[in-house]
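# Sequence plus predicted model, see below.
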Amino acid sequence: MDENKIQGQEKPAQPIKYATPTQRVWAWVGVVYMVILVLLSTYALSHGDYLRGIGGIMVAPGLCGLGVTAILRYRQGVGRGGLPACILVSGASFVLAVWNLFRGLPALLAQL
């Protein structure tokens, strides 16, 4: 039975609050990290050893999330510094993410 009807009174329905685009971006970053952690754990259990030298791969999703957040905050009008700051932060984040991936992928492929 419904809790509201048991007590004899009905509570007003609460309005639905949807996630903001920034919250959605960071939720996807969290999903990517969980997939990476599951793959790392599976590898460690099946081979008896951990992968080494993949710190760049682990940092890349967070950097991408930071770059997208800077763009979204600028588009919403709440970002500080205007367009130059948006370009600087997002550009540096994406460049560092790609650089970390290029440094981490050879270490990953050498161990597989």
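Happy to help now that I have it.
# what comes up buried for stretch 68-88?
If you call a residue buried by 16 or more other C-beta atoms under 10 Å, then stretch 68-88 has these buried ones: 68-74, 79, 86. Backbone N, C-alpha and C define where each C-beta goes, glycine included.
# Nearest residue to the middle of this protein?
residue 29 (1.4 Å; C-alpha atoms, centre = their mean).
# That one is in contact with residue 60, isn't it?
No. Here residue 29 does not reach residue 60: they are 10.2 Å apart, not a contact under C-beta atoms under 8 Å.
# Which of the residues in the lengthiest helix in the chain are classified as buried?
Using DSSP state H to assign secondary structure, the helix with the most residues in the chain is helix 82-111. By neighbour count on 16+ other C-beta under 10 Å, the buried set for helix 82-111 is 86, 89-90, 93-94, 96-97, 100-101, 104, 108.
# That helix packs against which elements?
Judged by 3 or more C-beta pairs under 8 Å, 6 or more residues apart in numbering; DSSP states H and E, helix 82-111 is in contact with helix 55-76.
# could you say what helices and strands the helix it packs on packs with?
Other helices and strands packing on helix 55-76, by 3+ C-beta pairs under 8 Å, 6+ apart, are helix 21-47, helix 82-111.
# Let me see the mean pLDDT of the last one.
Rounded to a whole number, the mean pLDDT of helix 82-111 is 91.
# Tabulate the buried residues of helix 82-111 (JSON lines), appending distance to residue 41.
JSON lines is the format used below for the buried residues of helix 82-111 (distance: C-beta to C-beta, whole Å):
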{"residue": "86", "distance to residue 41": "37"}
{"residue": "89", "distance to residue 41": "32"}
{"residue": "90", "distance to residue 41": "32"}
{"residue": "93", "distance to residue 41": "27"}
{"residue": "94", "distance to residue 41": "28"}
{"residue": "96", "distance to residue 41": "26"}
{"residue": "97", "distance to residue 41": "23"}
{"residue": "100", "distance to residue 41": "21"}
{"residue": "101", "distance to residue 41": "21"}
{"residue": "104", "distance to residue 41": "18"}
{"residue": "108", "distance to residue 41": "15"}
